[in-house]
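[1] what's the 3D shape of this:
(chains A and B)
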Amino acid sequence: MKHKPWLVILTIIAFIFPPITSFSSNIQFSASVDKSHITTEDSIELSLKISGIRNPPKPELPALQDFTVRSIGTHSSTQIINSDMQVSTVYKYLLIPKNKGNYTIGPMSIILSGTIYKSDPISVVVNNSNTKKTNANREVYTETIISKNNPYINEQIVYTFKLFRKTEARNLNLSMPHDETFFQKEDLGKAKRYSKVIEGIAYDVDEISIALFPKKAGKSTIPPSMMELDLMYRSQLNRQRDPFARFFNDPFFSGNTKKIHKILSTKPIELTIRPLPKEGKPKGFKNLVGQYYITATVGKDHLDAGDTTTLTITVSGIGNVMDTSFTNLNIGNQFKVYPDQPIFTKTIHGNQIGGEKVFKFALVPFSTGQQAIPSVTLNYFDPDKKSYKKVSTNPINIEIKPATSNEHLNLIQPKGSPTQQSISSVSVLARDILPIHTQTQDFEIFMSVQNSHIIFIIGIIAPIVIYLLAAGYIRYNHHMNDDISFSRRQIAHSNAMKKLNLLSKLNPETKDFVRQLSQIIREYIGDKLNLQGSAFTSKEVEEKLNNNTFAQEKISAVKNLLEKCESMQYSPVTTHKDLNLIDETAELLINLEKQL
Amino acid sequence: MKKSFAIGVIMLTCLLSTNRIDAETKDISAQITLANELYHEKNYQEAANIFTKLIDQGVKNGYLYYNLGNTYIRLGNISSSIVYYLRAKQLIPRNANLEANLRYAISQTQDQLFPPKKRLITDILFWIESINLIEHCIILFFTNIIFWLICIGSLYYRKPTWHSMKKVALTVLLIVFLSTLIKNHLLLNQKIGVVTDKIVAIKSDRNNKNITLFKLHEGAIILINEEDKEWLNVSVESEKTGWVAKNSIGY
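    Predicted structure coming up:
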């Protein structure tokens, strides 16, 4: 009986690593930390080791209210020393302190087969980070900047977070909280990375900014931002002579890299939000703060009555452009206005947010003649000049021609000023159908339809017929070009007839006439039978024609004619004047052509 | 001599035929213009009479159906207007005014049933609903000509580019051909009707004594599955099917 090798291997693996939890009589449970004195910027790595048992359950952690606890993985190992197998599992946690103080971690416990195993408690001391020390010469530090501490409501302020570091950092995680009841947040693009020299020390700087728009007046605080990261310290081994030193110093081979987890907090920032001044506040002011521009265009400035044109109002600038609206667009009562959904496109100008908001209105004129769309005004508060400003569009003239159709339409009428936000305020008085079609040329289509099936069938079949004819012709041409014998055969008769025509104009009493006539017959036969040259005798012609199974009668006729020509050609005196020789030859060639 | 005589006869026939067609076209155009004027003068019944007379004469034009649909709306005959709008839609499927007026007419009906939803095949050949049969035939006509011209070119030039062009043209031709066949099949087999009576009872079988499955009101759009003498098998929203007297349905 043959043993399958994979079956044996599986049996051994199953024996060594049974899939159930196995217990040993020597179970040990211990807890340890990587450091017991830390600052609020550091973290502790807590390791819970369970030995003597395979696949143990997860140990229970006590309530650690002063720390943020994060699991960072599990590590299992099996060692066989002198046939004695030792198994252990380590559960690792990252403890991030919330405040300074002296803390006791644990004891931690685990229940295995009804027995409770406990670890010893661990004391740790958390001190404040040395914030009094100047930032200069620190490995890593953070900084936050606010563009303005006393902004107006809706004025854009830029909150910037900067991370300065001298060493490589990985796994960066930034939390920039803000009070949503006080601020509306807008992103200002991706983080920037650059280098900066501070007091002679080069730092790598990661910078990210957000725009905050205060919603209400009063005192507010931007809470501290928190940056978590792993600082990577690489120990430089003496590998100067090692040709692979540069290769193994690559971050990919991180065997000689020390990783330190850091949590960096910034200070909270106090802000005083100012209300917008009441003095000079225009009527219908929409809380727009910043710098604004406005333009207006129309799609068509010449249109027929009943036609529509599109009025496009574009508001652009820096500030809360996204909050722009035209709730009281007043362009008179000469148009019916259908507002469209506005489109906002955000843009970043330097370190400030801005954009463009496009409003489209479909306008249907109520009356004909020269109509004017009045200028549209937008009010905003300029925080730099601390005053209210006004921007307006230019008035636009539209020429409306009388309609060609005199059908009356019961279209909807606006009740008061139409707006894009309150469409419901437009009451529909009546609904009606659209007018009849009056363009006469569109009614003439039926004529072409009447005989369409005949045209269609011709259109389908004709190209196929043309193709077949063209294909035959093209194939014939290709055959003529590619096959010389075919080509000679095809043109033999026409060539011979042409030459006979030319010959008929010569004097038939000359010997040259007879010689040429004989030559025409020989060439014809040579072309038809694809023979080289034409210098063969009447005897040879008879043989060639016999080989090609010609009717004996025709062979004799050819032979006789050739012999007649030869006798006339080679006799010293022209004794015979046969004026019908051309006709006889032509008739013979026609007869031969029928067979060939 | 004989040849020139034959050519002369053909040319004369063509000329006379063209003149006849021109005369007919002018006459029909004049009648349509008159009907349109009557419509604008709110003489809707006279306008409808002219439009109907032209249709009875065999004039088949989407805009004519559309105008008649409008005229019927003005006359308060919603079901007939829907019938003609649906006929117009087969000929001028992309006309926005027609679409709007059909929606309006349907909104005036009690059942407010819209034309049956698309099938899977019309989802795949998405253009099929937007192109009428004549346009399909025109596209097929030109695609066919282009394909055979490319075939001739391919035969003459004998180059790989021409062979590739031939394959592409053949694929396009087959798609257009398939699309045209399906369009024709749908027009012949997918009959859509409109309830013309005030209210009709949809029966379980071809007899008024059978059970009434459901009722439809004037202007309701139904799909006609089968015709059997004086009865039609109709369905609404795919699941509701029954029989209704033929004279209650316009199509």
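
[2] shouldn't A:Leu517 be in contact with A:Cys565?
    Yes: using Cβ atoms under 8 Å, A:Leu517 is in contact with A:Cys565, at 5.7 Å. (C-beta placed from N, C-alpha, C; glycine too.)

[3] any idea how far A:Thr537 is from the residue of the stretch 101-250 of chain B found nearest chain A?
    Here the stretch 101-250 of chain B gets closest to chain A at one residue, B:Trp148, 3.7 Å apart by Cβ to the nearest Cβ. Look at B:Trp148 and A:Thr537: by Cβ to Cβ, to the nearest Å, they are 53 Å apart.

[4] do the same with B:Asn225
    89 Å.

[5] pull the contacting residues for the residue of the stretch 401-550 of chain A found nearest chain B.
    At 3.7 Å from chain B, A:Pro463 is the closest residue in the stretch 401-550 of chain A, using Cβ to the nearest Cβ. The neighbourhood of A:Pro463, defined by Cβ atoms under 8 Å, 6 or more residues apart in numbering or on different chains, consists of B:Asn144, B:Ile145, B:Phe147, B:Trp148, B:Leu149.

[6] so the second one is in which element?
    This means B:Ile145. If you go by DSSP states H and E, B:Ile145 is part of helix B:133-157.

[7] quick check: mean pLDDT of that helix?
    If you average the pLDDT over helix B:133-157, you get 91.

[8] tell me the helix or strand right after it.
    Sequence order places helix B:160-189 as the next helix or strand after helix B:133-157, per DSSP H and E.

[9] just checking, what packs against that next one?
    helix B:120-124, helix B:133-157 (3 or more Cβ pairs under 8 Å, 6 or more residues apart in numbering or on different chains; DSSP states H and E).

[10] so of the ones you listed, which one's packed in deepest?
    Among those, ranked by average contacts under mean count of other Cβ atoms under 10 Å in any protein chain shown, first place goes to helix B:133-157 (a mean of 18).

[11] just checking, what packs against that one?
    Where contact means 3+ Cβ pairs under 8 Å, 6+ apart, helix B:133-157 is packed against helix A:452-482, helix B:160-189.

[12] which of the residues in the shortest one are buried?
    For helix B:160-189, a neighbour-count test (16 or more other Cβ atoms under 10 Å in any protein chain shown) marks B:Trp162, B:Met165, B:Lys166, B:Ala169, B:Leu173, B:Val176, B:Phe177, B:Ser179, B:Thr180, B:Ile182, B:Lys183, B:Leu186 as buried.

[13] how about the residues you listed in a markdown table, adding pLDDT?
    Formatted as a markdown table, the buried residues of helix B:160-189 follow (pLDDT from 0 to 100):
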| residue | pLDDT |
| --- | --- |
| B:Trp162 | 92 |
| B:Met165 | 94 |
| B:Lys166 | 93 |
| B:Ala169 | 95 |
| B:Leu173 | 94 |
| B:Val176 | 94 |
| B:Phe177 | 93 |
| B:Ser179 | 93 |
| B:Thr180 | 92 |
| B:Ile182 | 91 |
| B:Lys183 | 90 |
| B:Leu186 | 86 |
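
[14] quick one: residues contacting A:Thr377.
    Going by Cβ under 8 Å, 6+ apart, A:Thr377 touches A:Lys390, A:Val391, A:Ser392, A:Thr393.
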